[in-house]
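Chemist: sequence first, predicted coordinates after that:
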Amino acid sequence: MNRSLPLALAALIALSCGAPRSVSVAPRGSALPPGAERAYRALEPRFDRAAAMEIVAFMDQYWRLAANPGFNASIEHIRARKVGRRPGVVAGRKHGIYS
């Protein structure tokens, strides 16, 4: 086995255990970049906090990994809210892809 590999691994571990780095956070009240500000202003009136919390509460009951039952139930719940249909009703399907 190459002797430099354990040495490199030890150096990497030692360097990663150094002093914590400070995280740069923008001060409160600072302006967003212009593009982000436009997006925020366009979406803010449409944001419904109660509806968002209801979705989070629904999803919180599941362990979600792509394509597992909890993930699929969460996606179906959001789709049903968005298109106003009962969960399980598919609007359209073409070649195995939901539209």
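Modeler: The structure has been received and is ready for your questions.
Chemist: can we go C-alpha only for contacts and neighbour counts from here?
Modeler: Will do.
Chemist: so, low pLDDT: which residues of this structure?
Modeler: Low-confidence segments of the chain (pLDDT under 70): 1-4, 7-12, 14-30, 85-99.
Chemist: now do 50
Modeler: Flagging of the chain using pLDDT under 50 yields the residue ranges 23, 93-99.
Chemist: could you pull out the helices for the chain?
Modeler: Using DSSP state H, the helices of the chain run over 4-16, 34-43, 49-60, 69-83.
Chemist: dump the residue contacts of Ser74.
Modeler: Contact analysis of Ser74 by C-alpha atoms under 8 Å, 6 or more residues apart in numbering lists 58-59.
Chemist: make 257 the first number, not 1, from now on.
Modeler: Yep, numbering from 257; the last one is Ser330 now.
Chemist: how much space between it and Asn324?
Modeler: For Ser330, the distance to Asn324 equals 10 Å [C-alpha to C-alpha, to the nearest Å].
Chemist: for Arg297, same thing?
Modeler: Counting by C-alpha to C-alpha, the gap from Arg297 to Asn324 is 35 Å.
Chemist: quick one, which of the helices of the chain is packed in tightest?
Modeler: helix 325-339 (a mean of 16; mean count of other C-alpha atoms under 10 Å).
Chemist: with just CA atoms, put that helix into CSV.
Modeler: Written as CSV, here are the backbone C-alpha positions of helix 325-339 (Å, rounded to 0.1, in the frame of the first residue of the first chain):
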residue,chain,number,x,y,z
PRO,A,325,-44.3,5.8,-0.1
GLY,A,326,-43.8,9.0,2.1
PHE,A,327,-42.2,10.9,-0.8
ASN,A,328,-44.9,9.8,-3.2
ALA,A,329,-47.7,10.8,-0.7
SER,A,330,-46.1,14.2,-0.2
ILE,A,331,-45.9,14.8,-3.9
GLU,A,332,-49.5,13.7,-4.4
HIS,A,333,-50.6,15.9,-1.5
ILE,A,334,-49.0,19.0,-3.1
ARG,A,335,-50.3,18.1,-6.5
ALA,A,336,-53.8,17.6,-5.1
ARG,A,337,-53.7,21.1,-3.5
LYS,A,338,-52.3,22.7,-6.6
VAL,A,339,-54.8,21.4,-9.1
